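In: Next come a sequence and a model predicted from it.
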Amino acid sequence: MNALRRFTTALALLTIVIVGAVLGYKVLGGNHVTYLQAIYMAIITLAGVGYGEIVDTSQNPALRVFNIFIVLFGVAITVYALSAVTAFLVEGSITDLFWRRKMQKKISELRRHYIVCGLGDTGRYAVQELQKTHTPYVVLEMSEEAVKRFKDHDPKQYEEMLYIVGDATDESVLDQAGIDHAVGMISGVHSDKDNLVITVMARQKNTKIRIIARCTDVKFSERMVRAGANSTVSPNQIGGLRMASELLRPHVVGFLDLMLKEKSSTLRIEEVDITEGSPWAGHQLAKINLRGQYNLLALAVKTHGEAHMPRFWVNPPDEIQLNVGMVVIVMGNVADVHRARHDAGLKVAASTIALGKI
């Protein structure tokens, strides 16, 4: 039983004893005993201050027996309550309570953020990537110990990490995480069934959110997509593809690992959307001058899929015209990408492309 639970339990017991004592003194003491006198008698008896009896028990055996029980049990509960309060203060529970409220306030103010459900073998790597790319996120984890172990790996970096201890399959927990204002969610808990439930609930609460669900058993993949997931990821499948890539193209894998594993580097493949009102819309790629202005390399352009243009134009020519709805896939430093997005007219940062399927 933690300090907070001991404190609330002791407070409840003490309240019951005080109310019982007041009622006992009032009923057994006779009609001449007022509620104020009964309350005063209960307090001085439980506190053991040694004042004289304001409610006379010398001529009332029943009241005297009742008073004996109040002294024996009431004082014991009072001592327990005092020890619980001391433990509550010593263990920092009050500080922790205010800190949690402050963190919840920060979470409630988030807009267009990401939610990571589960801080296990899958979720922790997603969090590391979101942290390195300075992307706003909230973690949902059932175990406080799991959060503590994760933060202990790098206390300085994850000191301000926003998280909620709770079950992600609980609708109220998703509400606390700001599901209505989130733009993306990773459902990475261990159970496929739980990921399916989380996906359904998240999609019902936010029809526009992008949901990526972990799927150990491939037979759940189609169900999750039908339930509302935009995409599913199988750790076993990704692991197999990664091992084959290490075998067949080790230098390519090494280069991509530079982006994801090198702590001192924030080189990434990211995307820049051309939205309505963007100053880039209607201009050719050459005029944007991604390399000269932002030190970014344009890898591809996602088009509308017109007949004369491929859906993904890899190594796009400088003459290609950028229109509203297109997405430019670039490679470069995260800070440079943020500058490009700002100049492209985006109000918020877009999502980072996951490079798991090498």
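Out: Okay, I see it. Residues are numbered from 1 along each chain as shown.
In: Residue 332 contacts residue 298, correct?
Out: No. The pair residue 332 / residue 298 is not scored as a contact, 9.7 Å apart, by Cβ atoms under 8 Å. Every C-beta, even on glycine, is put in place using the N, C-alpha and C of the backbone.
In: Just name the shakiest helix or strand of this structure by mean pLDDT.
Out: Between all helices and strands in the chain, the lowest mean by mean pLDDT, DSSP states H and E belongs to helix 75-90, at a mean of 78.
In: Now do the same for residue 53: helix, strand or coil?
Out: coil (DSSP: H, G, I helix; E, B strand; the rest coil).
In: pLDDT wise, what is it at?
Out: Confidence at residue 53, expressed as pLDDT, is 74.
In: which stretches of this protein aren't confidently modelled?
Out: 1-4, 50, 88-96, 260-265, 305-310, 346-358 (pLDDT under 70).
In: Tell me, domain by domain, which residues of it belong where.
Out: The record's domain parsing of the chain by automatic domain parsing lists 3-90, 110-233, 266-343.
In: Quick one: end-to-end length of the second one, please.
Out: Length of domain 110-233, first residue to last, Cα to Cα, to the nearest Å: 26 Å.
In: same thing with the last one?
Out: Across its full length, domain 266-343 reaches 20 Å between end residues, using Cα to Cα.
In: repeat for stretch 186-193
Out: 15 Å.
In: For it, list every residue counted as buried.
Out: Within stretch 186-193, the residues that count as buried by 16 or more other Cβ atoms under 10 Å are 186, 187, 188, 189, 192.
In: what about the strands in the stretch 101-250 of the chain?
Out: Shown for the stretch 101-250 of the chain, the strands assigned by DSSP state E, counting those that start in this stretch span residues 114-117, 137-141, 163-165, 184-187, 210-214, 231-233.
In: just checking, what's the longest helix in the chain?
Out: For the chain, the longest helix by residue count, based on DSSP state H, is helix 3-29.
In: just to revisit the earlier point, I'd like the strands of the stretch 101-250 of the chain as JSON lines, with distance to residue 290 appended.
Out: Formatted as JSON lines, the strands of the stretch 101-250 of the chain follow (distance: least, Cβ to Cβ, whole Å):
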{"stretch": "strand 114-117", "distance to residue 290": "25"}
{"stretch": "strand 137-141", "distance to residue 290": "27"}
{"stretch": "strand 163-165", "distance to residue 290": "36"}
{"stretch": "strand 184-187", "distance to residue 290": "25"}
{"stretch": "strand 210-214", "distance to residue 290": "25"}
{"stretch": "strand 231-233", "distance to residue 290": "27"}
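In: So for residue 54, which of these sits nearest?
Out: Nearest of the strands of the stretch 101-250 of the chain to residue 54, taken as Cβ to Cβ: strand 163-165 at 47.9 Å.
In: which ones are touching the residue lying closest to residue 118 once chain neighbours are set aside?
Out: Excluding the flanking residues, the one nearest residue 118 by Cβ to Cβ, 6 or more residues apart in numbering is residue 189, at 3.8 Å. Counting by Cβ atoms under 8 Å, 6 or more residues apart in numbering, residue 189 touches 117, 118, 120, 123, 168, 195, 198, 214.
In: Among the residues you listed, which are located in helices?
Out: Using DSSP H, the subset of the contacts of residue 189 located in helices is 123, 195, 198.
In: Relative to residue 82, which of the strands of the stretch 101-250 of the chain is closest?
Out: strand 163-165 (28.5 Å).
In: Give me the helices and strands touching the closest one, please.
Out: Applying 3 or more Cβ pairs under 8 Å, 6 or more residues apart in numbering; DSSP states H and E, we find strand 163-165 packed against helix 93-108, strand 137-141, helix 144-153.
In: With distance to residue 291 and mean neighbour count added, can I get these in TSV?
Out: Shown next, in TSV, are the helices and strands packed on strand 163-165 (distance: least, Cβ to Cβ, whole Å; neighbours: other Cβ atoms under 10 Å):
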stretch	distance to residue 291	mean neighbour count
helix 93-108	38	12
strand 137-141	30	25
helix 144-153	36	13
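In: a markdown table for the ones you listed, including distance to residue 81?
Out: Formatted as a markdown table, those follow (distance: least, Cβ to Cβ, whole Å):
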| stretch | distance to residue 81 |
| --- | --- |
| helix 93-108 | 15 |
| strand 137-141 | 32 |
| helix 144-153 | 25 |
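In: Most distant residue from the centre of the chain?
Out: Taking Cα atoms, centre = their mean, the residue of the chain most remote from its mean C-alpha position is residue 59, at 63.6 Å.
In: Tell me the secondary structure of that residue, please.
Out: coil.
In: quick one: contacts for it?
Out: Residue 59 neighbours (Cβ under 8 Å, 6+ apart): none.
In: how far away is it from residue 45?
Out: Distance of residue 59 to residue 45, computed by Cβ to Cβ, to the nearest Å: 18 Å.
In: Residue 57 now?
Out: Taken as Cβ to Cβ, the span from residue 57 to residue 45 is 10 Å.
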